[in-house]
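Asks: just need the structure, nothing else, for what follows:
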Amino acid sequence: MNDFARLFLNEDWKAVPDAPRFFLGAFGKHPGWNDHLDDIGLVTSSLVEARSILYGGIAHQIEQAAWEKAGAGKVMPGFDHLIHWRRMNENLTGLIWSSQDGKGRALYPMITVAHSVSRSFSWLAGELLPALEDVKAKCRGTTSAGVVMAHIKGVEASLRTRFPASARPSNGPGFGIPGWAAYFSKEQDALRRVLHHLRRNFAPFTPGGLEWCQGEKQSLSRCLRLPQIPGAQPAESLNAWVSFLATQLDPAVPFFGLVPLGRTWLDVIVGEPTAADFFLLRALPAAQPVVTDIPYQLGPENPADDAGLFASLKRGELPEVSCLNGQSVKANQEVAMKWLLRFRPGSRPGFFSRFFGSGDS
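Replies: Numbers count the residues shown, from 1 in each chain. Reported below is the predicted structural model:
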């Protein structure tokens with residue numbers, strides 16, 4: 001089992017009780033720098049790892065000319081994405097947009113991303129995302145590196161005042177979930193295609209099975225493209241789908257959602273992304289189909305489980321049972337949390353704790 005499976009989005013917050021529960025960082029290309037900008041605010045281990053995985057994946061696509069070889073009919077012309085990486089109560093949420101450096105080179109985007117813990121997605125959508133849009137507009141409107149750094153730090157400080165360390169997620173149905181549930185209560189065959197796809201392709205991510213993370217070097221990943229809900233905000237569809245997948249797959253697994261703004265689909269990478277997985281970042285449906293459009297021949301696979309699932313949807317709620325192991329979502333979450341807690345005490349390389357200090361220093 002590698003460090004990604006044990007430590008990513010599993011920070012040992014209790015070891016540093018005085019550390020903030022919110023950090024805002026940025027990396028990529030901007031005209032204020034003649035090459036890749038100096039990373040801003042990448043303080044936590046998870047932010048550092050996220051930068052390596054995401055930017056490394058983009059670099060892989062560029063160096064292999066993967067998007068260029070696919071052709072204009074199969075890829076989008078640039079970047080304009082909402083991203084959200086979630087593992088239990090920790091999140092990385094950000095924006096990606098097309099940019100260029102001071103020499104006019106425009107292959108790489110600019111990326112802002114916030115690391116937060118124990119906050120509802122409603123807070124992220126209502127407070128963080130508008131602030132990130134402001135950062136995006138400010139970055140696009142200046143060629144000054146100093147202005148970019150100062151503005152990002154100012155936004156981080158402002159958001160921290162509205163993000164107390166004691167904050168906890170709300171107990172409501174969840175941002176976007178009622179609309180998602182209402183839609184699939186009517187479009188049941190579409191959701192059955194998703195369930196069929198999960199049963200056939202995501203067995204390594206069965207709750208409690210841990211097959212996905214048994215490798216010493218690289219944990220497994222799977223990608224799936226899902227529809228945004230008509231009439232819903234992109235962030236609503238994103239939260240609903242990630243929340244749904246966390247009820248069906250192992251909730252201890254990181255879920256990475258990527259939403260191309262102005263489009264009708266979103267992507268989720270389950271597990272530890274490979275560099276090749278990031279082809280989907282600019283892939284059109286001609287290259288990466290939406291799961292609900294795949295013409296699966298559906299039979300009565302698990303009629304009792306599916307009946308319970310659609311009963312939950314009619315109440316505007318997420319399913320209460322996983323389609324992969326037949327256990328309750330609550331039980332699977334308890335197992336996942338106990339498993340993750342095993343890796344927190346004393347398991348850190350030390351960067352996070354050294355940066356903020358702890359009672360032992």
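Asks: if I look at T292, how far off is P109?
Replies: Distance of T292 to P109, given as CB to CB, to the nearest Å: 28 Å. C-beta coordinates here come from the backbone N, C-alpha and C atoms, glycine included.
Asks: higher neighbour count, these two?
Replies: Neighbour count, other CB atoms under 10 Å: between T292 and P109, P109 has more, with 23 against 19.
Asks: quick one: G56 is in a helix?
Replies: Yes. With DSSP: H, G, I helix; E, B strand; the rest coil as the criterion, G56 is assigned to a helix.
Asks: mind listing what's buried along stretch 22-38?
Replies: If you call a residue buried by 16 or more other CB atoms under 10 Å, then stretch 22-38 has these buried ones: 22-33, 36-37.
Asks: what does stretch 264-280 give?
Replies: Residues of stretch 264-280 classed as buried: 265-275, 277-280 (neighbour count, 16+ other CB under 10 Å).
Asks: ok, and the closest non-adjacent residue to S243?
Replies: Leaving aside its sequence neighbours, S243 sits nearest to G174 (CB to CB, 6 or more residues apart in numbering; 5.5 Å).
Asks: also T264?
Replies: Q228 (5.5 Å).
Asks: tell me which element G146 is part of?
Replies: helix 145-161 (DSSP states H and E).
Asks: which stretches of this structure form strands?
Replies: Using DSSP state E, the strands of the chain run over 22-28, 80-87, 90-98, 109-117, 221-227, 255-260, 265-271.
Asks: could those strands go into a markdown table alongside mean pLDDT and distance to Q333?
Replies: Below are the strands of the chain laid out as a markdown table (pLDDT from 0 to 100; distance: least, CB to CB, whole Å):
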| stretch | mean pLDDT | distance to Q333 |
| --- | --- | --- |
| strand 22-28 | 96 | 24 |
| strand 80-87 | 98 | 12 |
| strand 90-98 | 97 | 14 |
| strand 109-117 | 96 | 16 |
| strand 221-227 | 98 | 20 |
| strand 255-260 | 98 | 14 |
| strand 265-271 | 98 | 16 |
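Asks: nearest to L340 among those would be which one?
Replies: Closest to L340 of the strands of the chain is strand 80-87 (CB to CB; 7.9 Å).
Asks: roughly how far out does that closest one sit from the chain middle?
Replies: Computed by CA atoms, centre = their mean, to the nearest Å, the chain-centroid distance of strand 80-87 equals 4 Å.
Asks: alpha carbons of it, as CSV, please.
Replies: This file holds the C-alpha atoms of strand 80-87, laid out as CSV (Å, rounded to 0.1, in the frame of the first residue of the first chain):
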residue,chain,number,x,y,z
ASP,A,80,-12.4,25.8,-18.2
HIS,A,81,-13.2,23.4,-15.3
LEU,A,82,-14.5,23.2,-11.8
ILE,A,83,-12.7,20.5,-9.8
HIS,A,84,-13.5,18.8,-6.5
TRP,A,85,-11.4,16.0,-4.9
ARG,A,86,-13.1,14.4,-1.8
ARG,A,87,-12.3,11.8,0.7
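Asks: need the contact partners of it.
Replies: 8-10, 50, 54, 91-98, 111, 113, 121, 124, 129, 234-235, 238-239, 242, 246, 252-262, 281, 340 (CB atoms under 8 Å, 6 or more residues apart in numbering).
Asks: could you tell me the angle between it and strand 265-271?
Replies: 30 degrees (axes from the mean of the first three to the mean of the last three CA atoms, to 10 degrees).
Asks: strand 80-87: partners in the sheet, and parallel or antiparallel?
Replies: Partner strands for strand 80-87, per DSSP bridges, with pairing direction: strand 90-98 (antiparallel), strand 255-260 (antiparallel).
Asks: just give me the neighbour total for Y55.
Replies: 18.
Asks: my read is that it contacts I111, right?
Replies: Yes. With contact defined as CB atoms under 8 Å, Y55 reaches I111; the gap is 7.3 Å.
Asks: quick check: neighbours shared by the two?
Replies: Between them, Y55 and I111 share the contacting residues 27-28, judged by CB under 8 Å, 6+ apart.
Asks: contact partners for the nearest residue to H36 once chain neighbours are set aside?
Replies: With CB to CB, 6+ apart as the criterion, H36 has its nearest non-adjacent residue at 6.3 Å, and that residue is K29. Neighbour list for K29: 36-37, 99-101, 105-106, 108-110 [criterion: CB under 8 Å, 6+ apart].
Asks: if we go to 6 Å?
Replies: 99-101, 108, 110 (CB atoms under 6 Å, 6 or more residues apart in numbering).
Asks: any of those residues buried? List them.
Replies: 99, 101, 108, 110.
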